[in-house]
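Colleague: Give me coordinates for this.
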Amino acid sequence: MSIDIIVIRYNLPEIEDRCLASVVKNTHLDYKLVVRDNYTTKLPLTEIWNNLAIESTAEWMVFLNSDCVVTNRWLERLLEIGNKDSKIAALGPATNAAPTDQGNFLPRGKLLEPPYSIPEEAERVTNEFFLKNGLKFIEAEITGFCYMVRHQFLQDISFFNEQFVFFGQETKANYDFRKAGYKVGWAPGVFIYHQGAAYANVAKKEGRNLGKEKDESMKLFYEVKDL
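Modeller: Numbers count the residues shown, from 1 in each chain. Here you go, the predicted model:
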């Protein structure tokens, strides 16, 4: 079993170092951690994902947002779920901040009210979720804050669509996977913390409007989904 964990940096060292530290602390199997600095290169995110996917020889890849904090045995549990069903192409965990059902599983903002320790609180929540849901898999739309994908199936759909620059590439991939007969979903028994919008201030300084970019990506999805 081989797996690559992909983390992209955007010059947010405190947040990004917290993410990487959580991966090292809470991942207890062999993996390859691939970190890319995109603050200076400013390449389209989807292009970076595809370049790394083309280079990879791993069976699974996880595209992990740098503002996440993973919890104990997060990857082992996701892999166990993914490997139980050979039709699963992509899956992700529950979280506190996501536009899909993954983020609605916990009252929004519950982990955003101080005082608390993010790692400790995230561990408490993931323990509760695992006791309640175990290795359950729910077929549903998932988003890309922690996107685990079976590498062979990603090749089968010709990787991510690079018309999507920063948002929407996983939405198109989800659609393509399902169209090809594969499954996409999430694991309610696995929780990771997602700060959400951590890149917004960097984008604002660069003159970007992330809200507009999200809207444009959804418009593009409906234009190209069946092409």
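
Colleague: Kindly tell me how buried residue 13 is, as a neighbour count.
Modeller: Using other C-beta atoms under 10 Å, residue 13 is surrounded by 10 other residues. The way it works is simple: take the backbone N, C-alpha and C, and place the C-beta from them, glycine included.

Colleague: What residues sit buried inside the lengthiest strand in the chain?
Modeller: Assignment by DSSP state E gives strand 183-191 as the longest strand of the chain. In terms of neighbour count (16 or more other C-beta atoms under 10 Å), strand 183-191 has its buried residues at 183, 184, 185, 186, 187, 188, 189, 190, 191.

Colleague: for stretch 87-107, same thing?
Modeller: Here stretch 87-107 shows 88-98, 100-103, 105-106 as buried, counting by 16+ other C-beta under 10 Å.

Colleague: after the longest strand of the chain, next one along is what?
Modeller: strand 193-194 (DSSP states H and E).

Colleague: among the buried residues of stretch 87-107, which are in helices?
Modeller: 101, 102, 103 (DSSP state H).

Colleague: Out of these, flag the one nearest to residue 46.
Modeller: Distance to residue 46, by C-beta to C-beta, is smallest for residue 102 among these, at 20.6 Å.

Colleague: Now do the same contact list for the closest one.
Modeller: Residue 102 makes contacts with 92, 93, 94, 95, 142, 143, 186, as judged by C-beta atoms under 8 Å, 6 or more residues apart in numbering.

Colleague: 7 Å - rerun?
Modeller: 92, 94, 95, 142, 143, 186 (C-beta atoms under 7 Å, 6 or more residues apart in numbering).

Colleague: can you tell me how far it sits from residue 58?
Modeller: 23 Å (C-beta to C-beta, to the nearest Å).

Colleague: swap in residue 32?
Modeller: With C-beta to C-beta as the criterion, residue 32 and residue 58 are 7 Å apart.

Colleague: intersection of neighbour lists for these two?
Modeller: Joint contacts of residue 32 and residue 58 (C-beta under 7 Å, 6+ apart) are residue 4.

Colleague: Give the residue from the two that has the larger number of neighbours.
Modeller: residue 58 (19 against 13).

Colleague: what pLDDT does that one get?
Modeller: On the pLDDT scale, residue 58 is placed at 97.

Colleague: ditto for residue 78
Modeller: What the model reports as pLDDT for residue 78 is 98.

Colleague: May I see the buried residues of the helix or strand containing it?
Modeller: Secondary structure from DSSP H and E places residue 78 in helix 74-84. Neighbour-count burial for helix 74-84 flags 74, 75, 77, 78, 79, 81, 82 (criterion: 16+ other C-beta under 10 Å).

Colleague: and what of stretch 21-33?
Modeller: 22, 23, 26, 27, 31.

Colleague: Please save the CA atoms from that stretch in CSV.
Modeller: Only the C-alpha atoms of stretch 21-33 are listed here, as CSV (Å, rounded to 0.1, in the frame of the first residue of the first chain):
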residue,chain,number,x,y,z
ALA,A,21,3.0,18.8,12.3
SER,A,22,-0.5,17.2,12.7
VAL,A,23,0.2,14.9,9.7
VAL,A,24,3.6,13.8,11.2
LYS,A,25,2.1,13.3,14.6
ASN,A,26,-1.2,11.5,13.7
THR,A,27,-0.3,9.4,10.7
HIS,A,28,1.0,6.0,11.7
LEU,A,29,1.6,4.2,8.5
ASP,A,30,4.1,4.6,5.6
TYR,A,31,3.4,7.6,3.4
LYS,A,32,5.1,10.2,1.3
LEU,A,33,4.6,13.8,2.2
